[in-house]
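For reference, the sequence and a predicted model appear below.
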Amino acid sequence: MSKLLPFARRAGRSAPATAEAGTSRMSTSEKFISIEGIARRYPAPGGTTTTIFENLWLPMRRGEFVCMIGHSGCGKTTVLNILAGLDAPSEGVVIVDGQAITGTSLDRAVIFQGHALLPWRSVLGNVAYAVSSRWRKAGRAEIEARARKAIATVGLAGSEHKRPSELSGGMKQRVGIARALAIEPKILLMDEPFSALDALTRGTLQDEVRRICVETGQTVFMITHDVDEAIYLADRIVLMTNGPEAKVAEIVENPLPKARDRTQLHHAPGYYALRNHLIDFLVTRSRTLRDAMPEGYDSRHPPTVRPSLSEADAAAIAAEPPAKRA
Ligand SMILES: Nc1ncnc2c1ncn2[C@@H]1O[C@H](COP(=O)(O)OP(=O)(O)OP(=O)(O)O)[C@@H](O)[C@H]1O
């Protein structure tokens, strides 16, 4: 407890988080995924059109974990569906690994909030089914070996022959993750994958997903409403203004070290500045920015923000003995 106190004190007396804004542009060769000027519009009553979002630009590096946060209705799932190839933009294009997306692909696996497992198949059967659709010519032994490996990766070894009705919500979600991983996708797309789980299971699965993504160098785009989940998992956090006509307000770079421990996050310098910045955005700025973006806003290059410590906090940390900072 005593170790917690200096940080708790700092959190309490911190000035509002300052943010270093800038536009850290990604070079063309760095862009593994490139969302380029996409819009999604739907017909509305009276022959009009509703624009959910427009002129949305977002590049992602290979191996990056990007979370998107924004209020309900700003179009997060629509963006994910477009990345998956399940929906098409009304304007603009998404380029993955140099190719424009024209439909679904086994290179882009989706993990939904609901598990969508085949109820009549066992855990092994569900995962093997996905494996066989990826490697159509593979023999039974190879398919089973690949499926078993993915099942073991998510900690379900020993449950291969259980049916979905015999599994808890967390176990079902693990099967969903195993099924996605088993096809060795280039990109993992996750739509609030843990939101229906209890806090304990959610934490465990966040740990597993983080470990797997770090180990495999997976590129991930994930939607979440959970600020702490985004801080733990993401390298960058995309903040959407409220819809309709939502925009990428800013892209927040996570200043926390890549080697993170969920239970120790609140000790990390910069944690409270980042958390306060995200919450402040959701509480007020997501609305005010929808109504008026700052002068000079360029939707092609939304501001990149790196919430930083207040000067007082930075000085306090610098003054601490190194052992205390660890
Ligand atoms: N087929 C459709 N026809 C008309 N409007 C649609 C259609 N699909 C989605 N929308 C609208 O598009 C908007 C964005 O939906 P979307 O599900 O992408 O939002 P979201 O940010 O993911 O929301 P949530 O956080 O609640 O999941 C919503 O206002 C929704 O009503």
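Yep, that arrived.

Which parts of the stretch 51-200 of the chain are strands?
Secondary structure of the stretch 51-200 of the chain (DSSP state E, counting those that start in this stretch): strands located at 65-69, 91-96, 99-100, 108-111, 187-191.

of all these, which lies closest to the ligand?
Nearest to the ligand, of all those, is strand 187-191, at 7.6 Å by CB to the nearest ligand atom. For the C-beta atoms, the positions are set from N, CA and C on the backbone; glycine is no exception.

Quickly run through the sheet partners of that closest one, with directions.
strand 108-111 (parallel), strand 219-223 (parallel) (DSSP bridges).

residues making contact with that strand?
With contact meaning CB atoms under 8 Å, 6 or more residues apart in numbering, strand 187-191 is reached by 33, 76-77, 80, 83-84, 96, 107-113, 180-181, 209, 213, 218-223.

Minimum distance to the ligand, which residue of the stretch 201-326 of the chain gives it?
Using CB to the nearest ligand atom, the closest approach of the stretch 201-326 of the chain to the ligand is made by Gly243 at 6.0 Å.

Could you measure from that residue over to Lys76?
Applying CB to CB, to the nearest Å, one obtains 9 Å for the distance of Gly243 from Lys76.

of these two, who's got more company?
Lys76 (26 against 21; other CB atoms under 10 Å).

isn't that one right up against Gly70?
Yes: with contact defined as CB atoms under 8 Å, Lys76 and Gly70 form a contacting pair (5.7 Å).

sorry, back to before: now distance to the ligand too, for the strands paired with strand 187-191, in JSON lines please.
Shown next, in JSON lines, are the strands paired with strand 187-191 (distance: least, CB to the nearest ligand atom, whole Å):
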{"stretch": "strand 108-111", "distance to the ligand": "14"}
{"stretch": "strand 219-223", "distance to the ligand": "6"}
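
Now tabulate those in a markdown table and tack on mean neighbour count.
Compiled in a markdown table, the strands paired with strand 187-191 are given as follows (neighbours: other CB atoms under 10 Å):
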| stretch | mean neighbour count |
| --- | --- |
| strand 108-111 | 23 |
| strand 219-223 | 24 |
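
Now the weakest link among those, please, by mean pLDDT.
Averaging pLDDT over each of the strands paired with strand 187-191 singles out strand 108-111 as the lowest, with a mean of 92.

Now do that one: distance to the chain's middle.
12 Å (CA atoms, centre = their mean, to the nearest Å).

Could you list the residues in contact with it?
80, 83-86, 96, 173, 176-177, 179-181, 183, 185-191, 193.

Which among these count as buried?
80, 83-85, 96, 173, 176-177, 179-181, 183, 185-191, 193 (16 or more other CB atoms under 10 Å).

just checking, which of those belong to helices?
If you go by DSSP state H, those have 80, 83-84, 173, 176-177, 179-181 in helices.

Closest one of the residues you listed to the ligand?
Nearest to the ligand among those: Leu80, at 7.7 Å, using CB to the nearest ligand atom.

So for that closest one, what's the pLDDT?
Looking at Leu80, its pLDDT reads 97.

Low-confidence stretches in this structure?
For the chain, applying pLDDT under 70 flags the ranges 1-24, 115, 309-326.

in it, what residue sits furthest out from the centroid?
Of all residues in the chain, Gly46 has its C-alpha farthest from the mean position, at 36.7 Å, by CA atoms, centre = their mean.

is it true that that residue lies in a strand?
No: according to DSSP: H, G, I helix; E, B strand; the rest coil, Gly46 belongs to no strand; its state is helix.

show me the contacts for it.
Taking CB under 8 Å, 6+ apart as the test, Gly46 contacts no residue whatsoever.

thought the residue of the stretch 201-326 of the chain closest to the ligand was touching Thr50?
No: the criterion here is CB under 8 Å, and Gly243 misses it with Thr50 at 9.1 Å.

Adding distance to Asn126, write the strands paired with strand 187-191 out as CSV.
Putting the strands paired with strand 187-191 into CSV (distance: least, CB to CB, whole Å) gives the following:
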stretch, distance to Asn126
strand 108-111, 13
strand 219-223, 21
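
Go through the longest helix anywhere in the chain and flag the buried ones.
Secondary structure assigned by DSSP H gives helix 199-216 as the longest helix of the chain. By neighbour count on 16+ other CB under 10 Å, the buried set for helix 199-216 is 201-206, 208-210, 212-213.

and which of these is nearest to Glu229?
Gln206 (6.2 Å; CB to CB).

That closest one and Ile212: what is the separation?
Using CB to CB, we find Gln206 at a distance of 11 Å from Ile212.

In space, what's closest to Gly243 - neighbours in sequence excluded?
Cys74 (4.1 Å; CB to CB, 6 or more residues apart in numbering).

on that earlier part again, which neighbours do Lys76 and Gly70 share?
Met240.

tell me the contacts of the nearest residue to Ala182 once chain neighbours are set aside?
Excluding its sequence neighbours, the residue lying closest to Ala182 (CB to CB, 6+ apart) is Ala150, at 3.6 Å. Shown in contact with Ala150 (CB under 8 Å, 6+ apart): 127, 131, 178-179, 181-182.
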